[in-house]
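[1] Sequence and predicted model, in that order:
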Amino acid sequence: MVFKRPELGNLGLRSFSSKETVTITYIDASGDEHPVQAEVGKHLLDVAHDNNIELEGACGGELACSTCHLVFDQVFYDTLPPKSDEEEDMLDLAFELTETSRLGCQILVTKEFDGIKIRIPDDGY
């Protein structure tokens, strides 16, 4: 029996190169700024955890809580994809809800995020 190695197809060498990142800044409830390198294509919740930013995400990003609640500037918020009904329902449970609130588990980093600041509201504890 002869086994063939699977073709890499479009993966090629690019799959082994470093990931593209952008700089974003999380602003915690105390107003302290935490600039981090965020990998394009990752959820903001995962970026926070990868960089030891205190953003709970109790449900592990399964859209079953509101503990990864983030607040965006209006101008940037207007560029984000629309919220799902499920995200809207979870946001109703969030502390310090604003018109520009989103859940970090639902937002993927894009190149356009470079330089943005995102506020982490007080979780009420």
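    The structure has been received and is ready for your questions. Numbering: from 1, shown residues only.
[2] switch to C-alpha atoms for all contacts and neighbour counts from now on
    OK.
[3] residue nearest the centroid of the chain?
    Nearest to the geometric centre of the chain sits L44, at 1.2 Å (CA atoms, centre = their mean).
[4] Hmm, G104 and it touching each other?
    Yes - look at L44 against G104 with CA atoms under 8 Å: they come within range, at 4.7 Å.
[5] what are the ranges of the helices in this structure?
    Taking DSSP state H to define them, one finds helices in the chain at 44-50, 74-77, 85-91.
[6] Single out the most deeply packed of these.
    helix 44-50 (a mean of 20; mean count of other CA atoms under 10 Å).
[7] ok now that one, how far from the chain's centre?
    The chain centroid and the centroid of helix 44-50 are separated by 6 Å under CA atoms, centre = their mean, to the nearest Å.
[8] can you dump the C-alpha coordinates of it into CSV?
    C-alpha atoms of helix 44-50 as CSV (Å, rounded to 0.1, in the frame of the first residue of the first chain):
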residue,chain,number,x,y,z
LEU,A,44,-11.0,40.6,20.6
LEU,A,45,-11.7,38.4,23.6
ASP,A,46,-8.8,36.1,22.6
VAL,A,47,-6.5,39.0,21.9
ALA,A,48,-7.2,40.3,25.4
HIS,A,49,-6.5,36.9,27.0
ASP,A,50,-3.3,36.4,24.9
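[9] average pLDDT across that helix?
    Averaged across helix 44-50, the pLDDT comes to 97.
[10] what's that helix packed up against?
    If you count contacts as 3 or more CA pairs under 8 Å, 6 or more residues apart in numbering; DSSP states H and E, helix 44-50 packs onto no helix or strand.
[11] Using TSV, lay out the helices of the chain together with distance to L97.
    Formatted as TSV, the helices of the chain follow (distance: least, CA to CA, whole Å):
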stretch	distance to L97
helix 44-50	17
helix 74-77	14
helix 85-91	7
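[12] buried set for stretch 63-81?
    Residues L63, C65, S66, T67, C68, H69, L70, V71, F72 are the ones in stretch 63-81 that count as buried (16 or more other CA atoms under 10 Å).
[13] Now go through these and say which are in strands.
    Judged by DSSP state E, strands contain the following of the buried residues of stretch 63-81: H69, L70, V71.
[14] Done for today, thanks.
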